[in-house]
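In: Kindly return the folded structure for what I paste below:
(2 chains)
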Amino acid sequence: MRHVLAVLVEDKPGVLVRVAGLFARRGFNIESLAVGRTVDPGISRMTIELDADEKTLEQVVKQLHKLVNVIKVTNLTREPSVSRELVLIKVRAPAASRAEIQQIVETFRAKIVDVSLQSLIIEVTGNDEKLEAIQLLLSHYGILELVRTGKIALLRGAKTIRNGEGNNHGKDLL
Amino acid sequence: MKLSGAHMIVEALKQEKVDVVFGYPGGKVLNLYDALYDAGITHYLSRHEQGAIHAADGYARVTGRPGVVFTTSGPGATNIVTGLANAYMDSVPLVAFTGQVATSMIGTDAFQEADIFGITLPITKHNYLVTSVEDLPRIIKEAFHLAATGRPGPVLIDLPTDVQSAVADFRYPQTVCIPGYNPTYDGHPGQINRAAKAIARAKKPLFYVGGGVVTAGAHEELRQLAEKADIPVTTTLMGIGGFPGNHPLSLGMLGMHGTYWANMAMHEADLIVAVGARFDDRVTGDLSTFARGAKVVHIDIDPAEIGKNVSVDIPIVGDVKRVLAELLKKVAPKTHPKWLAKIEDWRREVPLAYVQEPDGEILPQYVIESIWRETGGQALIATDVGQHQMWVAQYYRFTRPRAFITSGGLGTMGFGLPASLGVQIGAPGETVFCIAGDGSFQMNLQELATAVSYNLPVKVAIINNRYLGMVRQWQELFYKKRYSAVDLSKSPDFVKLAEAFGACGLRAEKPQEVVPAIRKALETPGPVVIDFRVRTEENVFPMVPPNSPINEMMRGSCV
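Out: Here you go, the predicted model:
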């Protein structure tokens, strides 16, 4: 099953290597990983998307907690949350197909952010289904290059992963 | 007070009450060694950095306090990698200080530069590359805290030369603030109640005890609980000494070379109370057939160990000493005569046994039992890894914790001799043996020079079968006796070797010479090496073949 983990980490050198290395070492697969600063100075947030069964997921969460620089791990899949990912797609766009592509862009509320004679770069934000749908449609014209940011997500409502639910060093076990 | 980074380290060590460090100097720790010169801290110079870290490891295991290691950058640092991995696997508290090239040179492939921070990420509990001298007091404080608390482990601090020489204000913090590190010490009361009820209901309960009991100093609580509820106790290799080996409820070690009755009890138990143990593959054998009829209580300080290999019915995260003390209050006295009688039957069915013919070759088991007898079972014993290690586990009945010092998780050959030196330094008045194989001994024999230099009276018993015995045993049993690369018959003369180092060398070639050699070694002040020439193709039995059910043991000589 697909899971999205929000991981708060101390913004210390090597913390990304520690997390990535842990996944590699223990044979866990990362589908996507996005990292950035938070409003709290010194604290970064990683959003990790992974495919894992329950037993593997439990190990992932516990092993993440063992890393000294990891402050909190929350499984956002278990709670109402909003997730988004941004994709830049460079698509082949000769004059003949340009109008059709523009229509697709409008339908998906995407944006054209670069124009050349032979190609367009399209910026689109959304959830998995939306991104897959537009990618499928654009592939018809020929996708030259594509880049994704990796998924980011927040809990719905006023609750945050700092004050809300979240595992804390195995206490969730009990 | 203003201090250089190097002097900060020395001051911080004093604040941490460190009076002994192990190490080997070099170009990138000259500042550190200069600060150490008149610091009043005893430094033991090994002959190889691996020796230094294993000695620190042995020191930590016997004293329960963090061992401290100094090495230089590059090769000095990479030479302690095995020692860090070893300590990490066995949860031993160490703090390693390594020199590093100047911060301005990092990443340039400078002379003796190695990314020891990157290399040791997966084999340390935590590690640091210090880039500013202002951070140093906090980092050292954190390092000692991390190494010694929760599930202990090694911590490495990499020190660029300019950080060692830079001067800043020194105030050693009294507290640490690590937001991501809050070990759980008190077990959940509800879970402890459930465990107590499970014990009350169980007809065939068993304590399965690992190194966590030794680390936490929970041996007394365990003994009281076992006696109160009349529950037999089996230990892992790391748990040896956590329960007295001569206690009527002791089943000895379980697992691949454990006793038949311990493995049968594990297989047939209806309740397994795992305490500070981690269901390692050497214990469980084939997981699909492991302890299928048993309810499992798992007590451990590390939540990640619970449910990792075996599903657990009652998880209790906490310090095992505190949890056992709570459990002791809640468990009512009871007895299990039928269960214990059944275990006795197994004990009679396949005893640990060997027959030492008076005119035959020396049997290794006889050497171990003789050392046990001659030392009254009270020696501190460091071992290497292999057949001799298993025979020590089987035949030296340890009665106290921190007396059996062995490389469990990583299985590091070459651990024994340097570890025994750390043990002797940590426990100066005690009789210390290093029991080694002829293969293992040769992996770090240079440390005999360290033993002689500091006149550490360690007695090194080489169980010399002229083979890499454990590998040979597997080749005999599972590879049709195709003995590939295990012949050690052209090893040096260990008696002459000992003498060349300035130690006493003894040899026993006949069974009658075994006890006199041990007595002579015990009477001789200073380090002694005894070359016990034992039967070449003796095997360790009983044995659970790899990935087999633990109730299907090869009995060998134990029938």
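In: what sits opposite residue B:208 in the beta ladder?
Out: As for beta bridges, residue B:208 partners with residue B:234, residue B:274 under DSSP bridges.
In: I'd assumed residue B:272 was in contact with it.
Out: Yes: the pair residue B:208 and residue B:272 qualifies as a contact (CB atoms under 8 Å) at a distance of 5.4 Å. To be clear about C-beta, it is placed using only N, CA and C from the backbone, and glycine gets the same treatment.
In: any common contacting residues for the two?
Out: residue B:266 (CB atoms under 8 Å, 6 or more residues apart in numbering or on different chains).
In: any low-confidence regions in chain A?
Out: Residue ranges of chain A with pLDDT under 70: A:164-174.
In: C-terminal to the strand of greatest length in it, what's the next element?
Out: Identified as the longest strand of chain A according to DSSP state E is strand A:81-92. Per DSSP states H and E, the first helix or strand lying C-terminal to strand A:81-92 is helix A:95-107.
In: quick one: that following helix to strand A:81-92, angle?
Out: Relative orientation of helix A:95-107 versus strand A:81-92 (axes from the mean of the first three to the mean of the last three CA atoms, to 10 degrees): 170 degrees.
In: centre of the chain versus the helix or strand following helix A:95-107, how much separation?
Out: Remark: after helix A:95-107, the chain's next helix or strand is strand A:111-115, criterion DSSP H and E. Its chain's C-alpha centre and that of strand A:111-115 lie 22 Å apart, by CA atoms, centre = their mean, to the nearest Å.
In: quick one: the residue lying farthest from the centre of chain A from residue A:118, how far?
Out: Among the C-alpha atoms of chain A, the one farthest from their average position, using CA atoms, centre = their mean, is that of residue A:96, at 34.5 Å. Distance of residue A:96 to residue A:118, given as CB to CB, to the nearest Å: 12 Å.
In: Find the closest residue to chain A in the stretch 251-400 of chain B.
Out: Across the stretch 251-400 of chain B, no residue is closer to chain A than residue B:303, which sits at 2.5 Å (CB to the nearest CB).
In: Surely that residue and residue A:62 touch.
Out: Yes: the criterion here is CB under 8 Å, and residue B:303 meets it with residue A:62 at 5.3 Å.
In: Which helix or strand lies directly C-terminal to whichever strand or helix holds residue B:424?
Out: Element membership for residue B:424 (DSSP H and E) is helix B:416-426. Note on helix B:416-426: by DSSP H and E, the next helix or strand toward the C-terminus is strand B:432-437.
In: Mind giving me the packing neighbours of that following strand?
Out: helix B:364-374, strand B:380-383, helix B:387-395, helix B:416-426, strand B:459-464 (3 or more CB pairs under 8 Å, 6 or more residues apart in numbering or on different chains; DSSP states H and E).
In: Now that strand: average pLDDT?
Out: Averaged over strand B:432-437, pLDDT sits at 98.
In: Sketch out the helices for the stretch 201-350 of chain B, chain order is fine.
Out: Counting by DSSP state H, counting those that start in this stretch, the stretch 201-350 of chain B has helices at residues B:211-216, B:219-229, B:260-268, B:281-284, B:320-330, B:337-349.
In: How far does stretch B:116-131 sit from its chain's centre?
Out: 22 Å.
In: Does that stretch reach chain A?
Out: Yes: using CB under 8 Å from any CB of the partner chain, we find that stretch B:116-131 touches chain A at B:117, B:118, B:121, B:122, B:125, B:126, B:129, B:131.
In: Just give me the residue right at the centre of chain A.
Out: Among the residues of chain A, the one closest to the centroid is residue A:151, at 1.3 Å (CA atoms, centre = their mean).
In: these two touch, right, it and residue A:49?
Out: Yes: using CB under 8 Å, residue A:151 is in contact with residue A:49, at 5.0 Å.
In: Identify the contacts common to those two.
Out: Residues touching both residue A:151 and residue A:49 (CB under 8 Å, 6+ apart) are A:4, A:32.
In: and the host helix or strand of residue B:138, what's its mean pLDDT?
Out: Residue B:138 is part of helix B:136-148 when elements are defined by DSSP H and E. Averaged across helix B:136-148, the pLDDT comes to 98.
In: re the thing from before, more crowded one of residue B:303 and residue A:62?
Out: residue B:303 (27 against 22; other CB atoms under 10 Å in any protein chain shown).
In: Now do stretch B:312-321: distance to the chain's middle.
Out: 22 Å.
In: so the nearest residue to residue A:35 once chain neighbours are set aside, which of the three states?
Out: In space, residue A:35 comes closest to residue A:46 once its chain neighbours are excluded; the distance is 4.9 Å by CB to CB, 6 or more residues apart in numbering or on different chains. Under DSSP: H, G, I helix; E, B strand; the rest coil, residue A:46 falls in the strand class.
In: for residue B:17, what are its contacts?
Out: Neighbouring residues of residue B:17 by CB under 8 Å, 6+ apart: residue B:65.
In: Please determine how far it is located from chain A.
Out: 23 Å (CB to the nearest CB, to the nearest Å).
In: show me where the stretch 51-200 of chain B has helices.
Out: According to DSSP H, counting those that start in this stretch, the stretch 51-200 of chain B carries its helices in the segments B:75-78, B:81-89, B:116-120, B:136-148, B:161-165, B:189-201.
In: Let me know the average pLDDT across the helix or strand hosting residue B:9.
Out: Using DSSP H and E, residue B:9 maps to helix B:5-15. The pLDDT scores in helix B:5-15 average 98.
In: any idea of the angle that helix forms with helix B:136-148?
Out: 40 degrees.
In: chain center to helix B:5-15: distance?
Out: Relative to its parent chain, helix B:5-15 has a centroid offset of 28 Å by CA atoms, centre = their mean.
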